[in-house]
Structures are given as C-alpha cells and as structure tokens.
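1. Here you go, sequence then predicted model.
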Amino acid sequence: MNKTTTHKTAGTQQRILDTGNRIMAAKGFSAVGLNEILTAASVPKGSFYNYFSSKEAFGEALLNHYFDEYLAEMTALFARQDLTAAQKLMAYFQQWRDNQSFEECQGKCLAVKLGAEVADLSEAMRTSLRHGTEAITQQMAGVIKAGLADGSLHVQNPDEMAQSLYQLWLGASVMVKISRNTQPFDAAMAATRQWLKLAAE
C-alpha cells in the first residue's frame, strides 16, 4: 500500500469515527444504525468492514479515539505554566461545564452519553470506558498533587479526591440532561470549591 492509499484509508476511517462520535453523542449507541453514520460520512457501507469488524468493534474504537483526544486536551491544559494547579483544575471543570451541555455537545460528551448504556451491552466497550475514565482521574490526581506542592491546594488523599470529583461531575452531567438546565453544574462547581477549600467566586 503506497503512502497516498494509506493516507486516504486513514482519512476515511477518521471520517467514520468523527461522524459516529457526533451522531452517537446526540442519540446514543443502540439508536444509531451504521447506515446513518456511513451516509452522513459519505462512505459506502461495504467499506465499513475494511476498518471495523462489527458495530461493537467500531464502538470500542470510537471510545478509544474519544478518550485519546480528551486526554490530550487535559494534558495541554494541565501543562500550562501561567496557572497554579488549583486554577488549572477549576479551568478544567469550567471547560466541562461549557462542553457537557444538555443541548448540542458536538461529540464532547460521548462518555456521559454512552457510559451506562454500553457498559451493559459490551465488555470491550465497558473496558474502554474504564480505562479512559481511570486515565482521566489519574490526570486529575496528578494536578491535585501538584497543587499540594505549589501551595494552591490543601486537601488530603489526591487520588480519592480525584475520584470523588469525577463522580460528582459525571452525575451532574446526567442531571443536566434530565433537568434541561445547568443548575446541577452550579451545584457541582460550588461543591468542588468547598471540597478543594477554595474561596467562592
């Protein structure tokens, strides 16, 4: 396979993933058929199986891709030198609030949308979710530890705090979708500041 063909193949696969991300973040996994994704991506149905062996394998690849991009954004934010660790963490939660809207989230809320649904459908997809969420909480724990070092945070057990914060915001995201307003995010932000011993803004 020459470089042009390889690039074209990778581009088609990426287009299927990007399209699937957007559609499934809005509708869920089971409600979306492959035909809908492939039509939106302008990819012939027969070509799908050149890249994925099944819809489940596609879902696993979709989640892995989602978490790769999500973690890359976290890494870039937490690497900023102009913010304290506490400011980085609060900026992360502000971005969460901005992205995990009950309206159109443009694929940025895929884990929230699919989490409970696919964990019961597919062991491979559940494993992708577990690995992805563990990586997120590890990054959060790392920035909390950095906050202890730079003096911007004063909490005990960064690993437990990271787990608790992630679960808080995951639950808030679900409640935002149910209530169709952002009050659960207001409550999560207030609780986050209280748990991290930060002054209210």
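-> Arrived safely. Numbers count the residues shown, from 1 in each chain.
2. Hmm, residue 62 and residue 24 touching each other?
-> Yes - using C-beta atoms under 8 Å, residue 24 makes contact with residue 62 at a distance of 7.0 Å. For the C-beta atoms, the positions are set from N, CA and C on the backbone; glycine is no exception.
3. Scan this structure for its longest helix.
-> The residue-count maximum for a helix in the chain (DSSP state H) belongs to helix 123-150.
4. quick check: mean pLDDT across that one?
-> Here helix 123-150 scores 95 as its mean pLDDT.
5. Could you look up the next helix or strand downstream of it?
-> Next helix or strand after helix 123-150 toward the C-terminus (DSSP states H and E): helix 158-179.
6. orientation of the longest helix of the chain relative to helix 158-179 in degrees?
-> Orientation check (axes from the mean of the first three to the mean of the last three C-alpha atoms, to 10 degrees): helix 123-150 against helix 158-179 gives 120 degrees.
7. quick one: contacts for the residue nearest to residue 74 when sequence neighbours are not counted?
-> Distance criterion C-beta to C-beta, 6 or more residues apart in numbering; nearest residue to residue 74, sequence neighbours excluded, is residue 139 at 5.0 Å. Residues near residue 139 by C-beta atoms under 8 Å, 6 or more residues apart in numbering: 71, 74, 75, 78.
8. For PyMOL, write a command that selects the buried ones of those.
-> Here is the PyMOL command that picks out the buried ones among the contacts of residue 139, judged by 16 or more other C-beta atoms under 10 Å:
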select buried, resi 74+78
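9. need the contacts of residue 139 in JSON lines with pLDDT and distance to residue 12, can you?
-> Formatted as JSON lines, these follow (pLDDT from 0 to 100; distance: C-beta to C-beta, whole Å):
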{"residue": "71", "pLDDT": "95", "distance to residue 12": "24"}
{"residue": "74", "pLDDT": "95", "distance to residue 12": "28"}
{"residue": "75", "pLDDT": "97", "distance to residue 12": "28"}
{"residue": "78", "pLDDT": "97", "distance to residue 12": "33"}
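10. Make JSON lines from the contacts of residue 139 and add distance to residue 190 and secondary structure to it.
-> Listed next are the contacts of residue 139 as JSON lines, based on distance: C-beta to C-beta, whole Å; DSSP: H, G, I helix; E, B strand; the rest coil:
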{"residue": "71", "distance to residue 190": "27", "secondary structure": "helix"}
{"residue": "74", "distance to residue 190": "23", "secondary structure": "helix"}
{"residue": "75", "distance to residue 190": "27", "secondary structure": "helix"}
{"residue": "78", "distance to residue 190": "23", "secondary structure": "helix"}
